[in-house]
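# I would like the atomic coordinates for the input below:
(3 chains)
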Amino acid sequence: MDGAAILERLRARLGSAIVETHAQCGDHTAVIERAALPGALSLCRDAAELAFDVLMDLTAVDYQKYPGREDGPRFEVVYHLYSLRWNHRLRIKVRVDEDDAVVPTAVPLWPIANWLEREVWDMFGVRFEGHPDPRRLLMYEEFVGHPLRKDYPINRRQPLIGPRI
Amino acid sequence: MAEPTRREIMLGEGSGTGSGQNLTVGMGPAHPAMHGIIRILADLDGEIIRKADVEIGYLHRAFEKDCEVGGWNNAIPYTDRLNYVSPLINNFAYANAVEKLLGIDVTERCKYIRTIMSEISRVCDHLTCIGASAMELGAFTVFLYMIKAREFLWELVEDVTGARLTISYGRVGGVKADLPEGFDAKLREAFKQTREVLDEVHRLLTGNRIFMDRMVGVGVISREETIAYAITGPLLRAAGVGFDVRRASPHWAYDRVEFEVTTQKDGDNYARYLVRMAEMEQAMRIAEQALAAIPGGPINVDFEGRPIDPAAYVDQGKQGKTEGLLLVPITLSPNLGGQDRKALERVNAHDKRVVLPPKETAYGSIEGLMNHFMLIMEGYGIRPPPGEAYFASEGANGELGFYIVSDGGDRPYRVRCRPPCLPPMAALHRMIEGGMIADLIPTFGSVNMIGGELDR
Amino acid sequence: MGVGSFFTSRLDEAIGWARKYSIFQYPFVTACCGMEYMATACSHYDVDRFGAGLPRFSPRQADVLFVVGTISHKMAPVLKRIYDHMTEPKWVVAFGVCTCTGGFYDNYATVQGIDTIIPVDVYIPGCPPRPESVIDGLMKLQDRIAVGAQRY
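Sure thing, here's the model as predicted:
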């Protein structure tokens, strides 16, 4: 299916849960409301004509310093989906505010989401509800803060940790 | 509690009978495998691994945050150090993602060069992977042979890019310089040596009883789980799915060369080894075909005159004798080989907003100077339109994707690298649980974890 | 100089000579420099001809700690522990710019030079250093070993 048809199919099934869509640079993208996210993701994986069986990437972007979007929702969690069967791709985005940075987890659908969501928690501080193992992935446990946020200065040094077991 | 078995009396509690306490063994983070640093906490029942917890992040170098600090081309050296055994693929994938956002297309010759250099990098990566994992099984000779072959390829890469490992060769809009003279013959010689080494390694390993005993049936992961864990690359092909980004979304010159995508059925370490060995041969085949078909041809020459050396060129310009100065070819110093104007224009997109002008233009005309200034200084530079783009290329371990968000400024707003070796590491505990502790080594070796890419 | 110190100084020289030609390295390999370390250790730029060909993968059995590649804050305590476990005499080689000064990773995650944690004897800069640089650094290390100079 080509990208426009995928977006049409999503719009038909999800209706008003889709906030906006675009196809910039040939990448078809849909921004979905958080409440409808689990339903949308399982639709993408299970519907026969969509068959997005591979969650290629799960990441987040911090829009605090983006010109024109400083007052809107701060974080945007981005899912890149790929279908081995049909060889088509889709990008799904969810916008969350800073003080309510919780997104339903995708672990029951794709087990790789376990580590990818841990990384988003580590780097951005976005929690994933229902995640079985919410630990940091890349930084050490004693680290304070979420480094990829725009207000974390790149040069900040934290005290060295001692050896543990 | 059951009566202690004879085994338990002799060996103590927990010796593999399931009724004792499990022993937790931590492997890493500093361990002899030359793969990098990872920590695997394995709960052992005798020798069987009951539960494994993989901990990563020991090489986190803040790649994504560092990319936001400088300009768009400044991120290229950081991308070199992602998958540091095949750095050219990272460079080109990142550059292509930015070009996708800008909406520019590189020249044909550049596409062929990117294909050739990516395939050379892929061969280097597979050589290192198989060499290192064979060494851990005790086959030290294989390691020495493969590193010898890799040296020939690195000399080739050094001729083209100037460095052996961290090459920073790709640029947004093209590559740094054209291929040097005599590249054809050097490539043929290097591939001949590599093919001899591959032949020797085949004879040493492929039918070897000990190697097969350690690798066949070990580290198995089922096809469905491989897909569910988003594993791509040689591991997915070893499980029977013929997915290759070069075939699925052909970019550069991949649709104009013929190559096979090898698959195996078993999904164990031996299948991955066979897939990698076959891929090396296919990669060399692609590079040779691309080199034979590379466009270049005679460039329209519309000037008269012998080449002039740079000092005299600048003197003439300062004296005001600038008529026709732009058309005169100059002899550049050896480390700028391939960057003279006609070579550079063959391999870089003709877009003033993105690509640096050649040195003759930068020093010989005021427009060139201003163009150079505007691309380098802060506040100016390459400015893609606001938006986002994702570009995926076939890295040596699988799909290497770059997701780029731009706010219209001269610095990237967000650069995300989708690491191809993160999914296999997330699935590693599935591969080793139920197996013995000694089976962890070949499994971990065949996953080809590269720390720079995993932890970024 | 009496006869006793003549023998001791000759003995020290002999021990220094023996030590410098039988280096047992612990290659603490983390990142890209590891590739150049492998290249230096293998047949093309053989390091075995200096007597340094056998890596010992246990700190108790090694005398030179080659810190190869970037050390992040998560890895730093591990490095310190490995250094503490090594038995004397021990030397440390900082291989690559990331270990000398942090390289171009001036950020929250990278230790800006391992000499902030452990004493270093020889710094080999380069990103990654060419094998010729590594061999040069190794020969300078051999000079220090022969004299018995220590940094702790």
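
# With adjacent residues omitted, what lies nearest to C:G113?
Distances taken as Cβ to Cβ, 6 or more residues apart in numbering or on different chains put C:T101 closest to C:G113, at 4.6 Å, once the chain neighbours are dropped. (C-beta placed from N, C-alpha, C; glycine too.)

# Was I right to think the one you found contacts C:I114?
No - with contact defined as Cβ atoms under 8 Å, C:T101 and C:I114 do not form a contacting pair (9.5 Å).

# so does stretch C:47-60 get close to chain A?
No - Stretch C:47-60 is not in contact with chain A by Cβ under 8 Å from any Cβ of the partner chain; minimum separation 13.2 Å.

# circling back: quick one: neighbours of the residue nearest to C:G113, just the number.
For C:T101, the number of neighbouring residues by other Cβ atoms under 10 Å in any protein chain shown comes to 18.

# mind checking which helix or strand A:H80 is in?
With elements delineated by DSSP states H and E, A:H80 resides in strand A:75-82, which encompasses its position.

# next one: B:A95
When secondary structure is defined using DSSP H and E, the element that contains B:A95 is helix B:87-102.

# what helices or strands is that helix leaning on?
With contacts defined as 3 or more Cβ pairs under 8 Å, 6 or more residues apart in numbering or on different chains; DSSP states H and E, the secondary structure elements packing on helix B:87-102 are helix B:76-80, helix B:108-136, strand B:170-171, strand B:387-394, strand B:399-406, strand B:414-418.

# Which one of the residues in chain A is closest to chain C?
Relative to chain C, the nearest point of chain A is A:P163 (4.0 Å; Cβ to the nearest Cβ).

# OK, contacts around the residue lying closest to that residue once chain neighbours are set aside?
In space, and not counting its chain neighbours, A:P163 is closest to C:P77: 4.0 Å by Cβ to Cβ, 6+ apart. With contact taken as Cβ atoms under 8 Å, 6 or more residues apart in numbering or on different chains, C:P77 is in contact with A:L160, A:I161, A:G162, A:P163, A:R164.

# What helix or strand is the residue found closest to the third one once you drop the neighbours it is linked to in the chain located in?
It refers to A:G162. Nearest-residue entry for A:G162: C:P77, 5.7 Å, with adjacent residues in sequence omitted and distances by Cβ to Cβ, 6+ apart. Using DSSP H and E, C:P77 maps to helix C:76-85.

# Please see if the helix or strand that that helix is followed by touches chain B.
On the C-terminal side of helix C:76-85, the closest following helix or strand by DSSP H and E is strand C:91-95. No - counting by Cβ under 8 Å from any Cβ, no contacts exist between strand C:91-95 and chain B, the nearest distance being 13.3 Å.

# Run through who's touching strand C:91-95.
Surrounding strand C:91-95, the residues in contact under the criterion Cβ under 8 Å, 6+ apart are C:33, C:37, C:63-69, C:83, C:100, C:113-115, C:118-124, C:129, C:134, C:137-138, C:141, C:144-145, C:150-151.

# Could you do stretch B:429-445 as well?
Outside of stretch B:429-445, the residues that reach it under the criterion Cβ under 8 Å, 6+ apart are B:25, B:27, B:33, B:35, B:38, B:40, B:42, B:44, B:47-54, B:129, B:132-133, B:136-137, B:214-215, B:218-221, B:225, B:229, B:269, B:428, B:447.

# What residues does chain C have near chain B?
Listed as neighbours of chain B in chain C under the rule Cβ under 8 Å from any Cβ: C:28-32, C:34-36, C:38-39, C:42-44, C:55, C:57, C:69-70, C:72, C:74-75, C:78-79, C:82, C:104-105, C:107-110, C:127-128, C:130.

# Please report how far whichever residue of chain A sits closest to chain B lies from A:Y79.
Evaluated by Cβ to the nearest Cβ, chain A has A:L138 as its residue closest to chain B, separated by 3.8 Å. Counting by Cβ to Cβ, to the nearest Å, the gap from A:L138 to A:Y79 is 20 Å.

# same deal with B:D105?
As defined by Cβ to Cβ, B:D105 lies at a distance of 28 Å from A:Y79.

# of these two, who's got more company?
Each of B:D105 and A:Y79 had its neighbours counted (other Cβ under 10 Å), and the higher figure belongs to A:Y79 (25 against 13).

# On the strand side of things, show who the more buried one bridges to.
Partner residues in beta bridges with A:Y79, using DSSP bridges, are A:L58, A:I92.

# Touching, it and A:A60? I think so.
No - A:Y79 is not in contact with A:A60 according to Cβ under 8 Å; the separation is 10.2 Å.

# For stretch A:154-162, which outside residues touch it?
Where contact means Cβ under 8 Å, 6+ apart, the residues beyond stretch A:154-162 that reach it are A:140, A:142-145, B:62, B:65-66, B:69, C:73-74, C:76-77, C:106-108, C:111, C:117.

# mind running it again at 7 Å?
Stretch A:154-162 is contacted by residues A:140, A:142-144, B:62, B:65, B:69, C:73, C:76-77, C:106-108 when judged by Cβ atoms under 7 Å, 6 or more residues apart in numbering or on different chains.

# likewise stretch A:112-128?
Counting contacts by Cβ under 7 Å, 6+ apart, the residues outside stretch A:112-128 that touch it are A:55, A:58-60, A:62, A:75, A:77, A:96, A:101-103, A:105-107, A:131-139, A:146-149, B:229-230, B:422-423, B:426.

# out of the residues you listed, which are inside helices?
Within the contacts of stretch A:112-128, residues falling in helices by DSSP state H are B:L422, B:P423, B:A426.

# Touching, the last one and B:A230? I think so.
So the one you mean is B:A426. No - look at B:A426 against B:A230 with Cβ atoms under 7 Å: they stay out of range, at 8.5 Å.

# neighbour-wise, which of these two wins?
When B:A426 and B:A230 are compared for neighbours, B:A230 comes out ahead with 30 against 22, by other Cβ under 10 Å.

# residue contacts, the residue nearest the centre of chain B?
For chain B, B:S86 is the residue whose C-alpha lies nearest the centre (Cα atoms, centre = their mean; 2.9 Å). With Cβ under 7 Å, 6+ apart as the criterion, the residues that contact B:S86 are B:S121, B:R122, B:C124, B:D125, B:G395, B:A396.

# could I get those residues as a markdown table with distance to chain A and neighbour count?
As requested, those are arranged in a markdown table below (distance: Cβ to the nearest Cβ, whole Å; neighbours: other Cβ atoms under 10 Å in any protein chain shown):
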| residue | distance to chain A | neighbour count |
| --- | --- | --- |
| B:S121 | 22 | 26 |
| B:R122 | 20 | 26 |
| B:C124 | 25 | 29 |
| B:D125 | 21 | 26 |
| B:G395 | 13 | 28 |
| B:A396 | 17 | 28 |
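
# Chain B against chain A: which residues are in contact?
Contact residues of chain B with respect to chain A, defined by Cβ under 7 Å from any Cβ of the partner chain, are listed as B:56-57, B:60, B:62, B:64-65, B:69, B:100-101, B:227-230, B:241, B:243, B:248, B:387-390, B:399, B:401, B:403, B:405, B:407, B:413-414, B:416, B:418, B:422-423, B:426, B:455.
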